[in-house]
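Enquirer: generate a structure from the sequence data that follows.
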Amino acid sequence: MTAYKLLVAVHVLVGVIALITFWTAGLLRKGTPAHRGAGRVYLLAMVGIILTAAPMAIARWMDGHVVTSAFLGYLVVITSTGVWVSWRAIRDKASAARFTGPVYVSLAVLSLLSGAGVLVLGLKVGAALLIGFSAVGLFTGVDMLRRRLRHATLGTTPRWWMSEHYTAMIGNGIATHIAFLGIGLPRLLPSVNGTALHYVAWFGPLALAIVAKVLLDRRWKPRATRAPGPATARAQGA
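Expert: Below is the predicted model:
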């Protein structure tokens, strides 16, 4: 077995652990020791995925597969961002200023620039996949920079850290399921491989993540309170 094949095998193995622990943490009651434990294992598995994917991207570049290498590198960037944010949102929940510090800003800029680079590359080679997924890095980078500029307001928002945590974890889930559907499943079941699976594998998890984000926001995100009108104020005064 070559070094590259061994690297891929380790990457797949860690990916299986990530997939299992993602759903384990997601189905357990939030805040319980079991949930936190499964979440830690999941994030450690995601770190393993990043550490194995980075040299894979370099190997693809050295083999002359520039587009594949660039896209893998882009996935490493946005996945690293999601893992860091989901971890630090919990650790820094007492200080939004610390949470949105230098590392946060660096990841935001890197996500924005890599998204722009993938968009340009996708337009150049006519790859719909690259064009479509460039939006993830572009949106993530702009949204993070916006939060940095408004970190004082962010810190006064009730449970801001929870929203940041589950939003980042949803992004991590996208990466986990894309890796399974787009890379792992075709290897396990070659008969199901094809163009349809290819696009479902990449854009299906993204669509489901948007739905999950909307549902979780409805449950956990604080609603804006309206100032009382004259009639309400009079009633409260009485």
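
Enquirer: quick check: closest non-adjacent residue to the residue positioned nearest the centre of the chain.
Expert: Centroid check for the chain by C-alpha atoms, centre = their mean gives residue 171 as the closest residue, at 2.5 Å. Closest residue in space to residue 171, ignoring its immediate chain neighbours: residue 82 at 3.9 Å, by C-beta to C-beta, 6 or more residues apart in numbering. No exception for glycine: its C-beta is placed from N, CA and C like everyone else's.

Enquirer: ok, the one you found to residue 22 distance?
Expert: 12 Å (C-beta to C-beta, to the nearest Å).

Enquirer: name the residues contacting each of the two.
Expert: residue 172 (C-beta atoms under 8 Å, 6 or more residues apart in numbering).

Enquirer: that older thread, quick check: which element contains the residue nearest to residue 171?
Expert: Residue 82 is part of helix 66-91 when elements are defined by DSSP states H and E.

Enquirer: for residue 19, same thing?
Expert: Assigned by DSSP H and E, residue 19 falls in helix 3-27.

Enquirer: what is the burial count for residue 146?
Expert: 11 (other C-beta atoms under 10 Å).

Enquirer: list of residues touching the helix holding residue 19?
Expert: By C-beta under 8 Å, 6+ apart, the residues outside helix 3-27 that reach it are 1, 35, 38-39, 41-42, 45-46, 48-49, 52-53, 55-56, 59, 172-173, 176-177, 179-180, 183-184, 187.

Enquirer: what comes up buried for that helix?
Expert: 7-8, 11-12, 14-15, 17-19, 21-22, 24-26 (16 or more other C-beta atoms under 10 Å).

Enquirer: ok, so of those residues, who is nearest residue 103?
Expert: Distance ranking of the buried residues of helix 3-27 against residue 103, using C-beta to C-beta, places residue 18 first at 22.2 Å.

Enquirer: now the closest one. Nearest residue, chain neighbours left out?
Expert: In this structure, residue 18 finds its nearest non-sequential neighbour in residue 45, 3.8 Å apart by C-beta to C-beta, 6+ apart.

Enquirer: can you tell me how far that neighbour is from residue 139?
Expert: From residue 45 across to residue 139, the span is 25 Å (C-beta to C-beta).
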